[in-house]
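Trainee: with the sequence up front, the predicted model follows.
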Amino acid sequence: MLRVATSAIAKRAVLNSSREARACVGPHLSFHASTRQNEEAKAVEPAPSKGGLLGTGVSEWFALPIGITAAIPLIQYEWYVINEETQLMAVFMAFCVTLYTQGGDAIYKMLDQSAQNILKEHTEVEAKVIEALEQKLEALQANQNMVQDFEEINTMRVGAYANLNAAGAIKPKHDFKVQVEKALTMIAAEEASVAEKAKVALMEEATAGVTSLFSSDKALKKAALDTAIKQIEGSGKVGADPLHTAFVNFFKNKSTALKKTDDGSEEKAQREALIAKLNGVAKSEEFFFRFDAAGTPKMNV
């Protein structure tokens with residue numbers, strides 16, 4: 001009888017304690033990601049219990065005499081038979097009570113810590129998702145003016161093409177001007193070079209001729225010496241310089257000889273060489289024109 005009463009009292013105590021434990025643990029397992037409707041439903045707390053025996057407010061210790069009093073007729077009239085199942089139930093209830101009283105707090109802390117970790121991880125994931133959505137929102141807001149930007153780009157492109165077309169119309173003329181100036185510069189340089197070479201050759205020939213003339217004629221040599229002495233002394237009137245006269249006569253005779261013997265072959269050869277040189281430069285630098293045999297520029301087709 002005492003065993004039955006004790007098991008009944010333990011059973012009621014475990015049931016009441018389990019209700020209180022669920023009431024304590026329940027609010028800690030809610031997540032902030034739940035919908036507002038679920039949160040409001042969970043926020044509704046049950047009506048407060050008066051506690052005690054069966055929620056009547058009477059101390060649970062009164063369950064002991066009541067259980068003993070009720071167990072006597074139950075066992076006497078064999079309404080309840082104490083067997084191995086009863087003993088097994090008593091052992092199980094004792095295990096449950098011991099586990100709850102001794103390890104309940106540790107189990108609660110372990111489950112609460114697991115819930116806190118899950119909540120923390122869930123919060124971090126939500127924070128990352130919110131950050132990604134904010135970045136996407138910023139990108140979408142930045143792209144609101146995309147149409148206007150493309151219109152401005154197209155306007156700039158049209159203006160750039162117009163400027164390029166204007167520059168394209170002027171550039172060939174500028175290139176042609178540069179090419180003509182380069183050809184004229186080459187012609188002027190070549191003429192100056194030929195003239196300088198002809199002058200040097202003529203002076204060398206005149207010097208050699210006058211030197212030969214004075215070397216072979218002693219009278220000219222003596223006249224030139226006397227004239228030089230008088231010029232140095234500055235005495236009396238100095239006549240014509242024989243040396244100067246000899247150079248003047250040489251150039252006159254040379255000019256007369258060239259007019260008689262000049263058939264234009266030398267000038268033609270010089271012109272052909274100059275035209276060949278100009279055409280070579282025009283081809284290598286892709287001029288818009290070439291020179292024909294007469295030296296007349298012809299545009300390339």
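Mentor: Yep, that arrived.

Trainee: CA only for contacts and neighbour counts going forward, please
Mentor: Will do.

Trainee: low pLDDT regions in the stretch 51-200 of the chain?
Mentor: Counting by pLDDT under 70, the stretch 51-200 of the chain shows low-confidence ranges at 51-54.

Trainee: strands along this structure, start to end?
Mentor: Along the chain, counting by DSSP state E, strands occupy 289-291, 297-299.

Trainee: so which of those is the most surrounded?
Mentor: strand 289-291 (a mean of 18; mean count of other Cα atoms under 10 Å).

Trainee: quick one: average pLDDT of that one?
Mentor: Averaged across strand 289-291, pLDDT comes to 82.

Trainee: by contact count, what packs against it?
Mentor: In terms of contacts (3 or more Cα pairs under 8 Å, 6 or more residues apart in numbering; DSSP states H and E), strand 289-291 is packed against helix 265-284, strand 297-299.

Trainee: distance check, residue 277 against residue 187.
Mentor: Relative to residue 187, residue 277 is positioned 10 Å away (Cα to Cα, to the nearest Å).

Trainee: so for these two, which residue has more residues nearby?
Mentor: residue 187 (17 against 14; other Cα atoms under 10 Å).

Trainee: grab the nearest non-local neighbour of that one.
Mentor: Distances taken as Cα to Cα, 6 or more residues apart in numbering put residue 274 closest to residue 187, at 7.4 Å, once the chain neighbours are dropped.

Trainee: what is the burial count for the one you found?
Mentor: That count, for residue 274 with other Cα under 10 Å as the rule, works out to 17.

Trainee: quick one on the thing from earlier: would you list the strands of the chain in JSON lines and tack on distance to residue 232?
Mentor: Written out in JSON lines, the entries for these read as follows (distance: least, Cα to Cα, whole Å):
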{"stretch": "strand 289-291", "distance to residue 232": "57"}
{"stretch": "strand 297-299", "distance to residue 232": "58"}
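
Trainee: elements contacting the lengthiest helix in the chain?
Mentor: Using DSSP state H to define each element, the chain has its longest helix at helix 146-216. For helix 146-216, the packing partners by 3+ Cα pairs under 8 Å, 6+ apart come out as helix 218-233, helix 242-261, helix 265-284.

Trainee: so who does the residue nearest in space to the middle of the chain touch?
Mentor: The centre of the chain sits closest to residue 139, judged by Cα atoms, centre = their mean, with a distance of 18.5 Å. By Cα atoms under 8 Å, 6 or more residues apart in numbering, the contact list for residue 139 is empty.
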